[in-house]
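**Student:** I would like to see how this sequence folds:
(4 chains)
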There are 2 protein chains.
Amino acid sequence: MPTDATTAEPATRCTLADVAARAGVSASTASLAFSGSGPVSDATKERVLTAASELGYAGPDPRARSLRRGRSGIVGVVLEERVRSAFLDPVKIQMLDGISDAIAPLGAGVLLLTETGRGADAVSIEDAPLDAVVLIGCSPRLGESVEVLRRRGIPAVAIEGDPGDDVVEIGIDNREATRAGAEYLRSLGHTSVAIVTLPFDAARTRGPLTADLEHAGTADTASERLRGARDVFPSIGGRVAGGSSIEEGLEAARELLRDPAGRPTAVIAQSDLLAAGVIRAAEELGIRVPEELSVLGFDGIRPDGLQADLTTLVQPSVAKGRAAGEAVVRMLAGERPESVRFTSELHVGDTTAPPRA
Amino acid sequence: MPTDATTAEPATRCTLADVAARAGVSASTASLAFSGSGPVSDATKERVLTAASELGYAGPDPRARSLRRGRSGIVGVVLEERVRSAFLDPVKIQMLDGISDAIAPLGAGVLLLTETGRGADAVSIEDAPLDAVVLIGCSPRLGESVEVLRRRGIPAVAIEGDPGDDVVEIGIDNREATRAGAEYLRSLGHTSVAIVTLPFDAARTRGPLTADLEHAGTADTASERLRGARDVFPSIGGRVAGGSSIEEGLEAARELLRDPAGRPTAVIAQSDLLAAGVIRAAEELGIRVPEELSVLGFDGIRPDGLQADLTTLVQPSVAKGRAAGEAVVRMLAGERPESVRFTSELHVGDTTAPPRA
DNA sequence: GAGCGGGGTCGAATCGATTCGACTAGACTA
DNA sequence: TAGTCTAGTCGAATCGATTCGACCCCGCTC
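**Tutor:** Okay, here's the model as predicted:
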């Protein structure tokens, strides 16, 4: 009797064995009929399928299937922060898009994971049925994650941040790109330049850019971009933001621009969102951009609510995601893909200009 | 011998049984030692844990665990469209945020699913190890999805769109809200009003708003909002967009505003993104907003790049997501949560004004 | 000292499907 | 007609952990 929509669930859901029994075949044959891999006569197949629909059988249980097959069809994507903040960052979304695009042929889904501490109640990298993992973001905790995955034997790909060892990495030329941007500023005539960086440590400590903070850090992206700036302006100073957001940029820039005396003529922001915050701070303080202050961003997204055409270093976010996805597909196929390094390009908008004499 | 970082994986990964053997206890005891549920002497526990770390055991296999326990710790979120487009819609992101927030105490992760056709190669609602599912969006395919889930015995919650029967639904007052907005337009003096709707059918057919299209449709949201507009402007006409995006709004509005003779003095857009597109179309055509054209949106997000303060119907997106997540948690706990209906609020911005005499 | 209770451990069944090797009939060849 | 082959089917082992009931032994009580 088919289950009625309004009745409670049957005491026990029906299994492949039930279907097989009803069709008068063995469980193995029924399995073959469903998976299609193996010789089964059309008549038998039909009988099995009929029995299944009569019983309201919803197909093989994915849990059992994945235990037997050793594959779950799920690729984890680790976002360093909470899901909410990751989605505020357009760069992450673009990468996620690239990833889900690239793994589609694998028939796998994307499981969102966050880097909460171990043993937390949220599902984590330690206990989720994953076939592979993509680590997104310049996470200081990368080392731990990689170690966990290695123990579990799960292939991993990292986007940004040095995972070390033999983990495939998808990155960009953070240092060179920033240097190019800094050189552009110098070519405009700027000599008094400050920087607003991404956080250096896991705690996301914000504050003035000190040697302490800088060296305690493990965040590759922030360090590399800073190095690029130092290549051109060796003694550059500035502030460390607590993350990539307009709000953080605003806060950092308020400090940076507060004192009219020591005010820089240009600010290098390590992300477009930070740059947008810097611009907003300038507006607050009545400082005109780019006449009185040049602002350089990084990423190449269009921050929400910013009408200026930001001068920035455009990185191929979607391509990065796609490359990561493709690497996952290859690893699952037993290959050993190479790391990839993309290059960024300077886009000159209207937020940079020569400094006022 | 512990696995060296550089060696290939051991032929077979080690299992709980291996650990138990090494610790000199039975598999059952080892399991107890790991899960902590059951009486195990401290000495034994210690021995097991030691053996595990010596062997490089990474903890129980989640696949086996979920088979036995019948829970996978994964909640699916079905986005009707591709992942990429879903993330372009700020409303969806906000709901997703609310969901992931609410299910956190469950210790479950969020698996992104898209409503691709059956049997597609992508992981789907039919074969993913899910404990529960949240259906997002006014999907015409909702019926099929609900049926699949019912067969599989997976609890479901729908956000927007009438899932029918006994499925919990989280919604808003689409009709009443739109009516309120329309009444506001009428109170300003508008009588010639057009509408740009969301798609009515699964194929996302775009074009003029005809009775055919309208009635063939199964998309609850579009229909309800249209009804609300009809409550005030019974003979309202307009165009059906192919989705919620600035691009679609732009395209629809070009048609709508092309002919200066029959041009409406106000446009009701069924989403803020569509509204942003309408405004952009007006700019293209040299029509001033709000002096020559009033535009009303729906959602309460700030569309990217739109500097106007959109007059719109603000819906509580995050709260909707959170309510859905909470419903999931309750269902998994064996309760039967109630459906929830939120209300939207009219926000008067600067895109609406009385029509020119 | 016999009886009793309970902490600690173990065996074995179980979750549900997949898959490999074996087996059976019927078709086809020599 | 005996022998070979193949398509179709079945049994049984397997994936790895969890869990229920049984069991044992030690300490306590009367």
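**Student:** So the residue of the stretch 51-200 of chain A found nearest DNA strand D versus B:Asp61, what's the distance?
**Tutor:** At 3.8 Å from DNA strand D, A:Arg68 is the closest residue in the stretch 51-200 of chain A, using C-beta to the nearest atom of the strand. Every C-beta, even on glycine, is put in place using the N, C-alpha and C of the backbone. Going from A:Arg68 to B:Asp61 by C-beta to C-beta, to the nearest Å gives 12 Å.
**Student:** Tell me the bridge partners for the residue nearest to the spatial centre of chain A.
**Tutor:** Most central in chain A under C-alpha atoms, centre = their mean is A:Ile136, positioned 3.3 Å from the mean C-alpha point. Residues in a beta bridge with A:Ile136, per DSSP bridges, are A:Leu79, A:Ile159.
**Student:** Domain ranges for chain A, per the record?
**Tutor:** What automatic domain parsing lists as the domains of chain A is A:16-60, A:74-172+A:317-342, A:174-315.
**Student:** Show me how far the first one is from its chain's centre.
**Tutor:** If you compare the mean C-alpha spot of domain A:16-60 with that of the full chain, they lie 42 Å apart, counting by C-alpha atoms, centre = their mean, to the nearest Å.
**Student:** And the helices in chain A?
**Tutor:** Applying DSSP state H to chain A gives helices spanning A:16-23, A:27-35, A:42-55, A:62-69, A:83-88, A:90-103, A:142-152, A:174-188, A:211-216, A:220-232, A:246-258, A:272-284, A:317-332.
**Student:** Which of these sits closest to B:Arg47?
**Tutor:** helix A:142-152 (19.6 Å; C-beta to C-beta).
**Student:** show me the contacts for A:Met287.
**Tutor:** Quick fix: residue A:287 reads Ile, not Met. A:Leu257, A:Arg263, A:Leu293 (C-beta atoms under 8 Å, 6 or more residues apart in numbering or on different chains).
**Student:** wait, which of those is closest to chain B?
**Tutor:** A:Leu293 (21.2 Å; C-beta to the nearest C-beta).
**Student:** Look at the closest one and say how many residues are nearby.
**Tutor:** 27 (other C-beta atoms under 10 Å in any protein chain shown).
**Student:** quick one, what contacts the nearest residue to A:Arg65 once chain neighbours are set aside?
**Tutor:** Of all residues not flanking A:Arg65 in the chain, B:Asp127 sits nearest, at 7.7 Å (C-beta to C-beta, 6 or more residues apart in numbering or on different chains). B:Asp127 makes contacts with A:Gly59, A:Pro60, A:Pro62, A:Arg65, A:Gly73, as judged by C-beta under 8 Å, 6+ apart.
**Student:** farthest pair in these?
**Tutor:** Once C-beta to C-beta is applied, the contacts of B:Asp127 give A:Gly59 and A:Gly73 as the farthest pair, at 13.5 Å.
**Student:** Compare those two and say which one has the larger neighbour count.
**Tutor:** A:Gly73 (22 against 15).
**Student:** Tell me the predicted confidence for that one.
**Tutor:** We have a pLDDT of 92 for A:Gly73.
**Student:** who in the stretch 1-150 of chain A is up against DNA strand D?
**Tutor:** Residues of the stretch 1-150 of chain A lying close to DNA strand D by C-beta under 7 Å from any atom of the strand are A:24-29, A:32, A:38-41, A:43-44, A:64, A:67-68, A:70.
**Student:** elements contacting the helix-or-strand element of chain A with minimal mean pLDDT?
**Tutor:** Within chain A, no helix or strand scores below helix A:83-88, which has a mean of 73 by mean pLDDT, DSSP states H and E. Judged by 3 or more C-beta pairs under 8 Å, 6 or more residues apart in numbering or on different chains; DSSP states H and E, helix A:83-88 is in contact with strand A:109-114, helix B:90-103.
**Student:** and the first one, which residues are buried?
**Tutor:** This points to strand A:109-114. A:Gly109, A:Val110, A:Leu111, A:Leu112, A:Leu113, A:Thr114 (16 or more other C-beta atoms under 10 Å in any protein chain shown).
**Student:** I'd assumed B:Val110 was in contact with the third one.
**Tutor:** Yes: taking C-beta atoms under 8 Å as the definition, A:Leu111 is a contact partner of B:Val110 at 7.1 Å.
**Student:** what's the overlap in contacts for these two?
**Tutor:** With C-beta under 8 Å, 6+ apart, A:Leu111 and B:Val110 have common neighbours B:Ile74.
**Student:** that older thread, narrow the residues of the stretch 1-150 of chain A next to DNA strand D to those that are buried.
**Tutor:** A:Val25, A:Thr29, A:Leu32, A:Val40, A:Thr44, A:Ala64, A:Leu67.
**Student:** least confident pick among the residues you listed?
**Tutor:** The lowest pLDDT within these belongs to A:Val40, with 88.
**Student:** Could you pull up the residues touching the residue nearest to the centre of chain A?
**Tutor:** So A:Ile136 contacts A:Val77, A:Val78, A:Leu79, A:Glu80, A:Ala86, A:Lys92, A:Met95, A:Leu96, A:Ile159, A:Glu160 (C-beta under 8 Å, 6+ apart).
**Student:** quick one: least confident of those?
**Tutor:** Among these, A:Glu80 has the lowest pLDDT, at 74.
**Student:** And that one, how close does it get to B:Ser192?
**Tutor:** Taking C-beta to C-beta, one finds A:Glu80 at 52 Å from B:Ser192.
**Student:** which ones are touching A:Phe34?
**Tutor:** Each residue near A:Phe34 by C-beta under 8 Å, 6+ apart is listed here: A:Leu16, A:Val48, A:Ala52, A:Gly59, A:Pro60.
**Student:** What residues does chain A have near DNA strand C?
**Tutor:** A:12-13, A:15-17, A:27-28, A:31-32, A:34-35, A:37-38, A:60-61, A:63-65, A:67-69.
**Student:** and if we set it to 10 Å?
**Tutor:** For chain A, the residues in contact with DNA strand C (C-beta under 10 Å from any atom of the strand) are A:12-20, A:26-39, A:52, A:57-71.
**Student:** Poorly predicted segments of chain A, please.
**Tutor:** The model of chain A has pLDDT under 70 over residues A:1-12, A:82, A:84, A:116-122, A:138-141, A:218, A:304-305, A:357.
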